[in-house]
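Asks: Sequence first, predicted model second:
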Amino acid sequence: MTVLEALNSAEERLRHIPDPRLDAEYLLAHVLGLPRLNLLMEKRRLLSPRETAAYDALVARRAGREPLQYIIGQQPFMGLSFRTDPRALIPRNDTEALCEAALALLSPGMRALDLCTGSGILGIALSKLRPGVQVTASDISADALALARENADALGAPVRFVQGDLFAPVNGETFDLIVSNPPYIPAALRGKLQAEVEREPALALFAGADGLDFYRRIAREAPGHLAPGGWLLLEIGDDQFPAVQALLSPAFDGITLIRDMNGLPRVIRAERKPI
Ligand code: GLN
């Protein structure tokens, strides 16, 4: 079987998923160890029996709605390549808006906290792209932290990782900037999301009846961990700005909405009021 024939037959087997051709290409590129865009130049290349069998197995996993990024094990974020597996949420392009908003406020010597770091993308990207910023990243999940540490080691990012429930592991510490992409999906949506999202850790997705549980806790606890004038930046669901703004307004000034690359509300930025 040639590369082109393999792609056509995989596309057919993946017809029920959102982007069958694209995923067929990513999976074959992964099996052959090539960049996806090189496949077309090799479309008449013959696959070995071993390559055919390996491809077949990956296409079967994807047909069963396992997320592409868990199968190929990596996903870019902010131009950096991150390892991805079921220990943590898959990095989303939307979250780059949050990272960029944080980068715009950071300069060397500042202390930044990434709460609910998951696979480590925010803390690691801040550390790599703003050298000299002291980055701490926390998560309640030991599995997620293990993955985040692997990512920090692979990318050479000097991030301090701490484990615990929200601010518990940074008791008594203050920061110049806190960034977080916490869980924010209402619990009732569990079982009703896209099949791939349901394969991601529930711990990283669901946040109580209205999806606001973590924003409530962060609004209450973040002021005690921010220097006066320090910044809080949160990823939000696209309909959550008014609710999160209301939660933050007692202790924060200059509450601003930032949209993602699709033009959807995605980030809330706020400055801690002076006491
Ligand atoms: N943006 C993710 C999704 O909609 C949710 C991530 C989160 O809860 N922080 O699948």
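Replies: Looks like it came in fine.

Asks: Mind jotting down where the helices sit in the stretch 151-275 of the chain?
Replies: Secondary structure of the stretch 151-275 of the chain (DSSP state H, counting those that start in this stretch): helices located at 213-221, 241-248.

Asks: Same list (the ones you listed) but as a markdown table, adding distance to S9, mean pLDDT and mean neighbour count.
Replies: For glycine as for every other residue, the C-beta is placed from the backbone atoms N, C-alpha and C. Output for the helices of the stretch 151-275 of the chain, formatted as a markdown table (distance: least, C-beta to C-beta, whole Å; pLDDT from 0 to 100; neighbours: other C-beta atoms under 10 Å):
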| stretch | distance to S9 | mean pLDDT | mean neighbour count |
| --- | --- | --- | --- |
| helix 213-221 | 44 | 98 | 18 |
| helix 241-248 | 45 | 98 | 18 |
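
Asks: Adding distance to F175, write the ones you listed out as CSV.
Replies: Converted to CSV, these look like this (distance: least, C-beta to C-beta, whole Å):
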stretch, distance to F175
helix 213-221, 12
helix 241-248, 16
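
Asks: and this protein, which residues reach the ligand?
Replies: Counting by C-beta under 6 Å from any ligand atom, the chain comes close to the ligand at 92, 181, 183-185, 197, 205, 235.

Asks: What distance do you get for the spatially most central residue of the chain to R50?
Replies: Nearest to the mean C-alpha position of the chain, by C-alpha atoms, centre = their mean, lies P91 at 2.8 Å. Using C-beta to C-beta, to the nearest Å, one gets 31 Å for the distance from P91 to R50.

Asks: go on, I71?
Replies: Taking C-beta to C-beta, one finds I71 at 18 Å from R50.

Asks: which of those two has more neighbours?
Replies: I71 (18 against 9; other C-beta atoms under 10 Å).

Asks: Please name the residues that touch the more buried one.
Replies: 27, 30, 58, 61-62 (C-beta atoms under 8 Å, 6 or more residues apart in numbering).

Asks: run the last query once more with 6 Å
Replies: 58, 61 (C-beta atoms under 6 Å, 6 or more residues apart in numbering).

Asks: Give me the pLDDT for I275.
Replies: For I275, the pLDDT comes out at 71.

Asks: M110: neighbour count?
Replies: 19.

Asks: Go ahead and confirm it touches I178.
Replies: No: using C-beta atoms under 6 Å, M110 makes no contact with I178, being 11.4 Å away.

Asks: Out of the residues of the chain next to the ligand, grab the one that's most surrounded.
Replies: N181 (27 neighbours).

Asks: Look up the closest residue to it, ignoring the ones flanking it.
Replies: E235 (4.0 Å; C-beta to C-beta, 6 or more residues apart in numbering).

Asks: what pLDDT does the residue in the stretch 1-150 of the chain that the ligand sits nearest to get?
Replies: Nearest to the ligand in the stretch 1-150 of the chain, going by C-beta to the nearest ligand atom, is R92, at a distance of 5.3 Å. Looking at R92, its pLDDT is 97.

Asks: ok, it to L264 distance?
Replies: R92 is 12 Å from L264, by C-beta to C-beta.

Asks: Same question for Y184.
Replies: In terms of C-beta to C-beta, Y184 sits 13 Å off from L264.

Asks: Then P228?
Replies: Taken as C-beta to C-beta, the span from P228 to L264 is 32 Å.

Asks: Ok, L80 next?
Replies: The value you get for L80 to L264, if C-beta to C-beta is used, is 23 Å.

Asks: Which one of those two is surrounded by more residues?
Replies: The neighbour count for L80 versus L264, taken as other C-beta under 10 Å, is higher for L80 (17 against 13).
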